[in-house]
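Colleague: need a structure here:
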Amino acid sequence: MNASRLRVLVVDDDEDDFILIRDMLGEVEDRDYALDWCATSEDGLAQLRRGGHDVYLVDYLLGAGSGLDLIETVSREGLSRAFIILTGRGSHDVDVAALAAGASDYLVKGLIDAERLDRSIRYAVDHARFVEVLRDSEIRHRLLFEQSPVPLMVFDTRSLDILTVNEAARRQYGGPRAGLVRQSIETLFAPTERTRFLDQLRSSTLASGIAQRWELCRTDGQPVQVEAIFHPLRYHGAHAILAHLQDVTDRTQAEAKLHLFERAIQSIGNGVVITDINAPDMPATFINRAFERITGYSADEVVGRNCRFMQGGEANEGERADIRHALQHRQEYRGLLRNIRKDGGKFWNQLYLAPVRDGEGTVSHYLGIMNDVTEHRDTEARLAYAAMHDETTGLARYPLIEMMLQKHAAQRAGQPFSLIFADIDRFHATNEAMGKTVGDEVIVELASRLSTEVGSLGRVARFVGDEFAVAMPGVTMEAAAAVAERIRVAVARPMILPSCEVRVTLSIGVASYPQRVADLGDLLRRAEASMSRAKQLGRDMVYLYSEQDMRRIEDRRMLGMRLRAAMQQGELHIEYQPQIRTDDRVVVGFEALLRWQSPELGLVSPDRFIPVAEGLGLMSELGGWVLDRACAQSRSWMEAGLGELFIAVNVSTQEIQRGNFCEMVAETLRRHDLPANRLELELTESALMDNIERGLYSIRRLAELGVKLAFDDFGTGYSSLSYLRQIRADKLKIDKSFVTDLPDDADSVALAQTFVAIGHQLQMQVVAEGVETEAQSRLLGEIGCDALQGFLIGYPMRAQAVAEWLKVYRAAG
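Modeller: Numbers count the residues shown, from 1 in each chain. Coordinates of the predicted model:
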C-alpha cells in the first residue's frame, strides 16, 4: 500500500453515509485518503480477510446483523485490523461492546466532524499497527514503546503505580526513568485534576480511548498541558492502563492567547472588522460587539459581506477612491466617512485599515477599526456655528461677511457688491436707562426687522454690540440705498417688548463696489465711515459713501500719520486764553488750549486734528501730555507770584472713561506740587454719556481730590438736563454758539438767561465762552453770568507771553 495514502473501507448499508464520510475526509488538509465502500456483511468480511485497507469503518447495524459480529469473526480468525464502529445513536452499552470486540473507536455519525474523524482514523491506524507489533514480538513491542515520540506510561489500575515509561515520557516529566517507575501516577496530575482522574478511573470511563485535556506536573512542579488517551491492557498479568500523554502546552497557550485576543477585541469600545483580502469581494470574516453596537447590524448580517453596504446613499467618493487605492497597494488607510446604521441613521466613521500579513509576509486579511465620532463632529459643528453666529440674535458674525467678500473677489470681481453698516443711535443710554435685558430684547427685535427687510437680497450679520452689517452681493448702490432706507423706517417704528415699549433709530452707512469703492477690501471701512458721517449729520439717516468722504478719510489718515510724528518731534504746544470775573473784570485763570504747528501743513485747527486723535486712540496720551505741561506751567506762575490763577484743561471721552484717570491726575498734581484747587478740568456732555456710571464715578473721585470741575459746551449735547443734576460741577460753560448772536437775537438771549438760571439753581458758576464784543459782555453781566472768556478779553497766547499780558491788562484796569 502507498505509505503516504490511507485506504479506508466503509462497510455500511447506506451509501449516503459513505458519501458523507468521503466528503468529510476530503475537507482535511494535508491528508490523502482513498475510500472504498461495500454494503453487506459478506462483502465486508471478504475485504477484511484480504486486508487491502488500512482502516475499516463498520456500521453498528449492518443489514439484519451487527457490525460487532463482523469484527468478532475477524478477531477469532486471528486477523489484526483497525476498526472504528459507526452508529446513528450514541449508547454507553454499544461503546463498551465495541471496545470489547476490538474496535479502536466508537463514533456517532451526527456528532462527528472532519477533524474528529481524521484523528480517530489516524489513531485507529496507529493503534492497529501498535497492537500488531505487540503481537509479533515482545522485543518489537518494547522497541515501539521506547521509540514512540508520544510520551507513554503504563500504570496499575489498583495501586496506581507507574509500571513503565518510555524515553519521551521521561523527557517530558523530568528526572531519571527510575524515579517515575513505582511513583503513583496520581502525583503527576495537577491537584485540581486529581479528583476528576480518580472519578473517571473508578467509573471505568477513563480508558475510553477518547482524547481529553489534562493538566499534569513535571517533577520540578512546572505544569504541562497534555492530550491524553487511556487504553486498558494486561501488563505482566496485571490489570493496567496505557496512557498516551501528548504534550499540547504550546497549543493550549496559543489557544489561550487567541481567546485572550478575542476577548480583548470584544471588550474595546471601537468597532473591529476583519476581512479576507483574497476571497471574492473581500468579505468580512469577523466583527466585534462594538461593531454591532455602533452599526446596529449583527455578526450574522455582516460576516460574508463586503462592508460597503453600510455606505448607503452617502457619496464618500473621495474616501472610497482612497480606500480602493490603499487596498490595491496593500497600504494603511486613515479617513473620515459617513456611514448608515441599520435603522437608517447616519454616523461619522473615523476609519483605520491595516493589512495583516501571514508568516511569509503576504497580506491575507485586512483589519478595520471603526470609531464613531458623530458626537465629536456634532460638537465641532455646534462650536463652529457658535463661532460664526451671534448667540443673542442667531445672525451671522462678521467673519461670514468677510468670507462672502473673499469669495466675491475670487469669483465675481468687478460685479456689484454693496455693504450696509448700521449702528443704533444712543443705544448705550437705552441700556443704562432700561437695563441689559431690555437692551437684548431690542437687539433681537431689530435683528428680526433687518432680516425681514433684507430678505433674500443679502446676509445680515451682527458686527459687534449695537452695530450690524448687511452684505449684498450683486446689488448696486441705488438698490442698497433703497433697502437701507426701508431698514431705517422699519426700525424707527415703536418696539412693543414684553416689559415696555421702546423707540430706537439707526444711523446707516452704505458703500458700494465698484461704484464708489474701488477695492472690496475697503468696503467695510467705507461703510463704517459713512455710518459715522450719518451720526455727525444728526443720526436717524442713511448716508452713501462718496468721493468727498474718500478725500476726508484720506485726509484723516494723513493727519493721523503726521500727528504721531508731531507728538515725537515737538510740533505741539499749548496756548493759554484768560478768563475774567464779570463784575470786577479780574483775571481768575487761563484755559490751556492745544495747538499744532506743522512745518508742512502750517497751523492745524484743533477741530481738524482732535477727532483724528480720538479715532486713533491717542487722546489719553495727548491729554496726559497737556495736563502735565499745564500743571507745570501753573506751578511756575505760582512761584513767579502772578496771583491766584487756576489752569483749565479739557478732558476727552477716552480719558474720563479710563479706570486710572483719577490716579493719573493725582500723580500729576503731586509731581508738580500743585494745589488741587489750582486745576480745573473741563468735561463735555458726550464724554460722560459714553458710560454714565464710570463718568460719574470719575467725577466723584476728582471732587474728592479737590480738583475743580467745569461742565463744558453746555446746551450742545443730547442729555444736558437729565444728567446735569447728577454732575456736581463747579462751573457751567455756555457754548459760544449761544453767545455769537447776543444781544440782538431774542432767542439767544432767552437761552442765555435760561442757562444762567439753571447753573445758579444748581450752585454752579456760569461762564460764557466766545465773548467778542462789549455788547455781549454787558448783556451777560446783566443776566448774571459770573465769568467771561473770549477774544474780547484776550486771545490764546504762549506761556512766555502771559506775564507781560497780565501786567498790561492789570495796568489798564
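Colleague: please identify the buried residues of stretch 147-157?
Modeller: Of the residues in stretch 147-157, those with enough neighbours to count as buried (16 or more other C-beta atoms under 10 Å) are Ser148, Val150, Pro151, Leu152, Met153, Val154, Phe155, Asp156, Thr157. In this view, the C-beta of every residue, glycine as well, is placed from N, C-alpha and C.
Colleague: can you list contacts of it?
Modeller: With C-beta atoms under 8 Å, 6 or more residues apart in numbering as the test, stretch 147-157 has contacts from 145, 161-169, 171-173, 180, 185, 201, 226, 232-233, 235, 238-247.
Colleague: what's the nearest residue to Leu9 if we skip its chain neighbours?
Modeller: His53 (4.2 Å; C-beta to C-beta, 6 or more residues apart in numbering).
Colleague: what do you get for Glu600?
Modeller: Among residues not flanking Glu600 along the chain, Arg562 sits closest, at 7.3 Å (C-beta to C-beta, 6+ apart).
Colleague: now the element after the helix or strand where Leu337 lies, going C-ward?
Modeller: In this structure, Leu337 sits in strand 333-340 according to DSSP states H and E. On the C-terminal side of strand 333-340, the closest following helix or strand by DSSP H and E is strand 346-357.
Colleague: pLDDT of that next one, averaged?
Modeller: Averaging pLDDT along strand 346-357 gives 89.
Colleague: partner strands of that strand and their direction?
Modeller: strand 333-340 (antiparallel), strand 363-372 (antiparallel) (DSSP bridges).
Colleague: deepest in the core, which of the ones you listed is it.
Modeller: Scoring those by mean neighbour count under mean count of other C-beta atoms under 10 Å gives strand 363-372 as the most buried, with a mean of 19.
Colleague: in whichever helix or strand comes after it, which residues are buried?
Modeller: If you walk from strand 363-372 toward the C-terminus, the next helix or strand you reach (DSSP H and E) is helix 374-388. Within helix 374-388, the residues scored as buried using 16+ other C-beta under 10 Å are Thr374.
Colleague: do the same with stretch 232-244
Modeller: Of all the residues in stretch 232-244, those buried under the rule 16+ other C-beta under 10 Å are Pro232, Ala240, Ile241, Leu242, Ala243, His244.
Colleague: now swap in stretch 253-271 and tell me
Modeller: Within stretch 253-271, the residues that qualify as buried by neighbour count (16+ other C-beta under 10 Å) are Ile265, Asn270, Gly271.
Colleague: quick one, grab the pLDDT at the residue nearest to Glu600.
Modeller: We note a pLDDT of 84 for Arg562 in this prediction.
Colleague: and the residue nearest to Pro599 when sequence neighbours are not counted, what's its pLDDT?
Modeller: Once flanking residues are discounted, Pro599 sits nearest to Glu571: 7.3 Å by C-beta to C-beta, 6+ apart. The confidence metric pLDDT takes the value 89 at Glu571.
Colleague: pretty sure Glu571 contacts Glu600?
Modeller: No - in this structure, Glu571 is not within contact of Glu600 by C-beta atoms under 8 Å, at 9.7 Å.
Colleague: give me the neighbour count for the residue nearest to Glu600.
Modeller: Other residues near Arg562 number 20, with proximity taken as other C-beta atoms under 10 Å.
Colleague: doesn't it lie inside a strand?
Modeller: No - read with DSSP: H, G, I helix; E, B strand; the rest coil, Arg562 is helix and lies in no strand.
Colleague: find the centremost residue of this structure, please.
Modeller: By C-alpha atoms, centre = their mean, the mean C-alpha position of the chain lies nearest to Glu380, the distance being 4.9 Å.
Colleague: rewinding a little: from Ala613, how far out is the residue nearest to Glu600?
Modeller: When distances are taken as C-beta to C-beta, to the nearest Å, Arg562 and Ala613 turn out to be 11 Å apart.
Colleague: which ones among the contacts of stretch 147-157 map onto strands?
Modeller: Per DSSP state E, strands hold the following members of the contacts of stretch 147-157: 162-165, 226, 232-233, 235, 238-247.
Colleague: isn't there a helix covering Ser451?
Modeller: Yes - inclusion of Ser451 in a helix is indicated when three-state DSSP is applied.
Colleague: quick check: it touching Leu395?
Modeller: Yes - distance between Ser451 and Leu395: 7.4 Å, which falls inside the contact criterion (C-beta under 8 Å).
Colleague: who touches both of those two?
Modeller: Counting by C-beta under 8 Å, 6+ apart, the shared contacts of Ser451 and Leu395 are Val460.
Colleague: more neighbours, these two?
Modeller: The residue with more neighbours, out of Ser451 and Leu395 and counting by other C-beta under 10 Å, is Leu395; that gives 23 against 16.
Colleague: with adjacent residues omitted, what lies nearest to the more buried one?
Modeller: Spatially, and ignoring its direct neighbours in sequence, Leu395 is nearest to Arg462 (4.6 Å; C-beta to C-beta, 6+ apart).
Colleague: report the buried residues of the helix or strand harbouring the one you found.
Modeller: Assignment of secondary structure by DSSP H and E places Arg462 within strand 459-464. Taking 16+ other C-beta under 10 Å as the neighbour-count basis, strand 459-464 is seen to contain the buried residues Arg459, Val460, Ala461, Arg462, Phe463.
Colleague: so where's the stretch 451-600 of the chain uncertain?
Modeller: Across the stretch 451-600 of the chain, the ranges flagged by pLDDT under 70 are 547, 549-554.
Colleague: just give the number of residues close to Asp713.
Modeller: In terms of burial, Asp713 registers 21 neighbours under the definition other C-beta under 10 Å.
Colleague: from what I see, it and Thr684 are in contact.
Modeller: Yes - contact criterion C-beta under 8 Å: Asp713 and Thr684 qualify, at 5.2 Å.
Colleague: touching both of those two, which residues are there?
Modeller: Common neighbours of Asp713 and Thr684 (criterion: C-beta under 8 Å, 6+ apart): none identified.
Colleague: export stretch 249-266 as CSV, just CAs?
Modeller: The C-alpha coordinates for stretch 249-266 follow below in CSV (Å, rounded to 0.1, in the frame of the first residue of the first chain):
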residue,chain,number,x,y,z
THR,A,249,1.2,23.0,26.2
ASP,A,250,2.2,25.2,23.4
ARG,A,251,-1.0,24.6,21.5
THR,A,252,-3.0,25.3,24.7
GLN,A,253,-1.1,28.5,25.3
ALA,A,254,-1.7,29.6,21.7
GLU,A,255,-5.4,28.8,22.0
ALA,A,256,-5.5,30.8,25.3
LYS,A,257,-3.7,33.7,23.7
LEU,A,258,-6.1,33.5,20.8
HIS,A,259,-9.1,33.5,23.2
LEU,A,260,-7.5,36.4,25.1
PHE,A,261,-7.1,38.4,21.9
GLU,A,262,-10.7,37.7,21.0
ARG,A,263,-11.9,38.8,24.5
ALA,A,264,-9.8,41.9,24.3
ILE,A,265,-11.2,42.8,20.8
GLN,A,266,-14.7,42.1,22.1
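Colleague: nearest residue to Ala640 other than its sequence neighbours?
Modeller: Per C-beta to C-beta, 6+ apart, closest to Ala640 is Ala803, 6.6 Å.
Colleague: just the element for the closest residue in space to Glu77 that isn't next to it in sequence, please.
Modeller: Spatial nearest neighbour of Glu77, excluding adjacent residues (C-beta to C-beta, 6+ apart): Arg49 at 7.5 Å. Assigned by DSSP H and E, Arg49 belongs to helix 41-50.
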